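In: Dropping a prediction and its sequence here:
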Amino acid sequence: MLNNNEIKGTAPIGALVKTSLVDFPKKVSSALFLYGCNLRCPYCYNKDLVTGSFEDFEAVSFDDVIAHLQKRKNVISGFVISGGEPCISPYLKPLIAQAHGLGYAVKLDTNGTFPEKIEELLKDKACCPDFIAMDVKTSLDKYQLLGCKDTEKIERSIKIISELPTEKREFRTVLVPPLVDMDNITKIAALLPKDASWQFANFKPGNCLEDSYNKIIPYTQSQIEELINSAKTIIKGANLR
Ligand code: SF4
């Protein structure tokens with residue numbers, strides 16, 4: 001099955017959460033966090049995955065993941081491929097194809113910087129994700145703070161994902177104070193489809209990629225409610241996860 005020179009069945013590719021109740025809506029799933037990311041979000045909690053340091057997590061190989069999926073296929077119905085950014089991984093398509101072959105529904109988590117890869121996957125029946133969750137991290141004018149210069153790609157990914165049926169997509173935003181305030185919420189909302197599921201999470205300092213972000217004080221509960229209530233006036237499906 002692995003016929004690409006870039007990929008090897010036994011090489012470490014990421015970290016596996018064997019059972020998750022929170023990563024795939026309405027499904028018990030396994031979640032694979034693939035190594036490597038093209039962005040450098042200062043608040044990123046997955047810095048070991050982003051930087052490729054395997055010291056702080058138990059790395060698994062492609063073969064380990066497929067063996068796990070084979071073993072658990074009667075008790076788990078969903079397989080989440082997250083990161084890092086899965087769209088940069090040569091393992092993405094073989095993982096989706098193998099998981100589909102074993103009967104799993106596959107969810108892809110992406111930062112939206114590779115619209116051409118998302119289109120390619122959606123056109124390929126064997127590798128087409130059953131659900132896509134895209135992080136919309138801030139308004140387009142602040143994406144350079146994450147190391148993203150080409151915000152047209154973010155807009156294109158939002159458009160492509162917006163064309164999926166509502167039950168097959170969601171958009172997500174972490175409420176990081178310097179990146180997401182009331183103005184940013186309004187600007188992000190203008191990019192999303194009106195029927196979007198828009199899932200917010202609060203920011204948790206402590207293990208951020210950029211140390212200065214560990215000193216940022218998260219929003220209070222009442223500030224969070226105010227931001228989400230404002231989001232709800234534009235996108236009804238805005239919620240705190
Ligand atoms: S938050 Fe996501 S997109 Fe940003 S650096 Fe971390 S893994 Fe990459």
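Out: Cool, got the structure. Numbering: from 1, shown residues only.

In: Pretty sure residue 156 sits in a helix.
Out: Yes - secondary structure of residue 156 (DSSP: H, G, I helix; E, B strand; the rest coil): part of a helix.

In: What is the neighbour count of it?
Out: 18 (other C-beta atoms under 10 Å). Heads up, the C-betas are built off the backbone N, CA and C, glycines and all.

In: go on, residue 16?
Out: 18.

In: Quick check: residues of this structure near the ligand?
Out: 37, 39-41, 44, 46, 50, 83-85, 111 (C-beta under 6 Å from any ligand atom).

In: What's the PyMOL syntax to select whichever of those residues are buried?
Out: Buried residues among the residues of the chain next to the ligand (16 or more other C-beta atoms under 10 Å), as a PyMOL selection:
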select buried, resi 37+39+41+44+46+50+83+84+85+111
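
In: Distance of residue 140 relative to the ligand?
Out: Using C-beta to the nearest ligand atom, to the nearest Å, residue 140 is found at 15 Å from the ligand.

In: what's the closest non-adjacent residue to that residue?
Out: Excluding the flanking residues, the one nearest residue 140 by C-beta to C-beta, 6 or more residues apart in numbering is residue 151, at 4.2 Å.

In: Surely the one you found is in contact with residue 142?
Out: No - Residue 151 is beyond contact range of residue 142, at 9.5 Å (criterion: C-beta atoms under 8 Å).

In: Go ahead and confirm residue 97 touches residue 125.
Out: No - with contact defined as C-beta under 8 Å, residue 97 and residue 125 do not form a contacting pair (9.7 Å).

In: Which one of the two is surrounded by more residues?
Out: A side-by-side neighbour count of residue 97 and residue 125, using other C-beta under 10 Å, places residue 97 first with 17 against 8.

In: So that one versus residue 44, what's the distance?
Out: 29 Å (C-beta to C-beta, to the nearest Å).

In: same thing with residue 143?
Out: Residue 143 is 14 Å from residue 44, by C-beta to C-beta.

In: and what of residue 162?
Out: In terms of C-beta to C-beta, residue 162 sits 25 Å off from residue 44.

In: now, which of the residues of the chain next to the ligand sits nearest residue 175?
Out: residue 41 (13.4 Å; C-beta to C-beta).

In: excluding its backbone neighbours, what's nearest the closest one?
Out: Nearest non-adjacent residue to residue 41 (C-beta to C-beta, 6+ apart): residue 146, at 4.6 Å.

In: The one you found touches residue 37, doesn't it?
Out: No - contact between residue 146 and residue 37 fails when scored by C-beta under 8 Å: they sit 10.2 Å apart.

In: any common contacting residues for these two?
Out: Among the neighbours of residue 146, none is also in contact with residue 37 (C-beta atoms under 8 Å, 6 or more residues apart in numbering).

In: now the chain, which segments are flagged as low pLDDT?
Out: Applying pLDDT under 70 to the chain flags residues 1-6, 54, 56.

In: For beta bridges, what are the partners of the most centrally placed residue in the chain?
Out: Central residue of the chain (C-alpha atoms, centre = their mean): residue 109, 2.9 Å from the mean position. As for beta bridges, residue 109 partners with residue 133 under DSSP bridges.
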